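Q: Below are the sequence and a predicted model; questions follow.
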Amino acid sequence: MAKRHTQRDRKQNTVRTLQNDYVRTTDEELKFTNKQKILFRRRIVAFGLFASIILVFFVGTIFTQEQRIAKKEQEKAEVLAELEQIIEQQEMLNLQIAKLEDDEYIAKLARKEYFLSDEGEIIFTIPDKKEEE
């Protein structure tokens, strides 16, 4: 088969093209269309590369923004938990302030902590069972 194929090629090579206006114009048109196809392919490849570069840039930007958002949300959750603790502490302190404004509570606290007594009172200290052990 290889011999037949080469013989065909030799026969085709022996054919000579005519040099007239029609052949020249069709050859020029064929060359022009081939150049246009090559330019079109190059433009498509260039546009594809440009578009893929922009796409990669945007995807990277979105990815980094998602990471930043996740970090900020985590920080927000931590700050909200801390705020909640501080609000509880503030409520307890406000309650303690309200109690300290009451004279009876202050007197009771002074008797208990500092072993102070009213007139006519006698203070007895009873040891706790836990202290004995």
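A: Received it, and whenever you're ready, just let me know what you need. Numbers count the residues shown, from 1 in each chain.

Q: what about the residue lying farthest from the centre of the chain, distance to residue 46?
A: Within the chain, the residue lying farthest from the chain centre (CA atoms, centre = their mean) is residue 120, at 72.8 Å. Here the criterion is CB to CB, to the nearest Å. By it, residue 120 lies 104 Å from residue 46. Quick note: C-beta positions are derived from backbone N, CA and C, even for glycine.

Q: next one: residue 39
A: Here residue 39 is placed at a distance of 10 Å from residue 46 (CB to CB).

Q: next one: residue 107
A: Residue 107 is 91 Å from residue 46, by CB to CB.

Q: how many neighbours does residue 45 have?
A: Per other CB atoms under 10 Å, the neighbour tally for residue 45 reads 10.

Q: Likewise for residue 105?
A: Residue 105 has 13 neighbouring residues, counting by other CB under 10 Å.

Q: now do residue 99
A: By other CB under 10 Å, the residues close to residue 99 number 13.

Q: right, and it touches residue 105 too?
A: Yes - if you go by CB atoms under 8 Å, residue 99 and residue 105 touch, sitting 4.8 Å apart.

Q: Name the single longest helix found in this protein.
A: If you go by DSSP state H, the chain has its longest helix at helix 21-100.

Q: now stretch 35-47: mean pLDDT?
A: Across stretch 35-47, pLDDT averages out at 97.

Q: got it, and stretch 64-80?
A: The average pLDDT within stretch 64-80 is 97.

Q: Tell me how far it lies from the chain's centre.
A: 9 Å (CA atoms, centre = their mean, to the nearest Å).
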